[in-house]
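Undergrad: sharing a model prediction with you, sequence too.
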Number of protein chains: 2
Amino acid sequence: MDQLSRTFAALADPTRRDLVARLSAGDASVAELAAPYAMSLQAVSKHVAVLERAGLVSKRRDAQRRPVHLEAEVLAPVTDWLELYRRRAEDRFQRLDEVLAELAADEAYPQTAVFARPPRNTRPEGTNR
Amino acid sequence: MDQLSRTFAALADPTRRDLVARLSAGDASVAELAAPYAMSLQAVSKHVAVLERAGLVSKRRDAQRRPVHLEAEVLAPVTDWLELYRRRAEDRFQRLDEVLAELAADEAYPQTAVFARPPRNTRPEGTNR
DNA sequence: CGCATAATCAACCATTTGGTTGACGACGGG
DNA sequence: CCCGTCGTCAACCAAATGGTTGATTATGCG
């Protein structure tokens, strides 16, 4: 699994998002993290391990405790990905010449609408597994 | 499953992210979307359904075709969530008085480090399922 | 009408996921 | 030294995921 998939998957769980939220306020041990939840310590330990595999979190070593630290900078690429395609879609939506082109296309192919015009650009990123 | 989890989960798959990327360039039918992949049309249809359940995509109706349209605005809450906690972590990292407070705490509780000080704020968002 | 195309539905399968309980290893305090 | 705490490892389980094939439903074209 690629990095971006691991990160999105890690954040797709409400418990793990809550862990990230709490860790944004400061480091915490696994036991401290586990306390509020109605689930076993082992389950929380697994959640932390998922965050760690995604690079979202790291563990120090302090006696028996393993203080967990949020690596907030790895959130940036995720934001970047989201913003790239959100902006791309909105830019396209707002461009006037595009709208005019669609009108022209509607005249040329009245029954097959906009989407059916000759393909323009497909697969901006090669990302099939 | 909550909205944010559905969105993150939808984007955790490379094929689905590729679909979003391609749809950011314009609407496309399911068959058009399926063409580049080494998988069945039904599989792609399922992927589109996942995106639709997450609200990332909508389908129009045009004869037999179901042109798929990217609803880019639902990406915004995801970006907002990410930026909130990234910024919170970085702000904390940069605040000088925080650093001084940690030093003071280290003197008060020498063996139990920073993370073990009296809890400050836990659970900014109630999000355990 | 009858056929080809677009898409979904349905059943099935293998793998992953999120949780459990139980056992174990590492460490520090009395 | 021994006990209690912190954390992980291992095995297990139910449910969700990502794919398959086969059948079914709409729709437009000749």
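TA: Yes, it's here. Numbering: from 1, shown residues only, chains lettered A, B, ... in the order given.

Undergrad: near DNA strand D at all, the helix or strand harbouring residue A:44?
TA: Taking DSSP states H and E as the criterion, residue A:44 maps to helix A:41-53. Yes: shown here: helix A:41-53 in contact with DNA strand D (Cβ under 7 Å from any atom of the strand) through A:41-42, A:45, A:48-49. To be clear about C-beta, it is placed using only N, CA and C from the backbone, and glycine gets the same treatment.

Undergrad: make a ChimeraX selection of the buried ones in those.
TA: In ChimeraX, selecting the buried portion of the residues of helix A:41-53 next to DNA strand D, with burial taken from 16 or more other Cβ atoms under 10 Å in any protein chain shown, looks like this:
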select /A:48
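
Undergrad: could I get the buried residue list for stretch A:28-39?
TA: Per 16+ other Cβ under 10 Å, stretch A:28-39 contains these buried residues: A:28-30, A:32-34, A:37.

Undergrad: can you narrow these to ones near DNA strand D?
TA: Among the buried residues of stretch A:28-39, proximity to DNA strand D is found for A:29-30, A:32 (Cβ under 7 Å from any atom of the strand).

Undergrad: and which of those is nearest residue A:85?
TA: The nearest member of those to residue A:85, counting by Cβ to Cβ, is residue A:30 at 35.7 Å.

Undergrad: which ones are touching that closest one?
TA: Contact partners of residue A:30, counting by Cβ atoms under 8 Å, 6 or more residues apart in numbering or on different chains, are A:41, A:44-45, A:48, A:65-66, A:68.

Undergrad: report pLDDT for it.
TA: With respect to pLDDT, residue A:30 has a value of 98.

Undergrad: now swap in residue A:110 and tell me
TA: The score at residue A:110 is 40. That number is its pLDDT.

Undergrad: chain A: helices as residue ranges?
TA: In chain A, the helices defined using DSSP state H lie at A:3-11, A:14-23, A:30-34, A:41-53, A:75-94, A:96-108.

Undergrad: same list, those, but as JSON lines with distance to residue B:73 please.
TA: Putting those into JSON lines (distance: least, Cβ to Cβ, whole Å) gives the following:
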{"stretch": "helix A:3-11", "distance to residue B:73": "19"}
{"stretch": "helix A:14-23", "distance to residue B:73": "21"}
{"stretch": "helix A:30-34", "distance to residue B:73": "34"}
{"stretch": "helix A:41-53", "distance to residue B:73": "28"}
{"stretch": "helix A:75-94", "distance to residue B:73": "8"}
{"stretch": "helix A:96-108", "distance to residue B:73": "18"}
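
Undergrad: go through those helices and name the closest to residue B:16.
TA: helix A:3-11 (9.6 Å).

Undergrad: burial of residue A:58, as a residue count?
TA: Using other Cβ atoms under 10 Å in any protein chain shown as the criterion, residue A:58 is surrounded by 14 other residues.

Undergrad: what confidence value was assigned to the residue lying closest to it once chain neighbours are set aside?
TA: Distances taken as Cβ to Cβ, 6 or more residues apart in numbering or on different chains place residue A:69 nearest to residue A:58, at 5.1 Å, with adjacent residues excluded. According to the prediction, residue A:69 has pLDDT 97.
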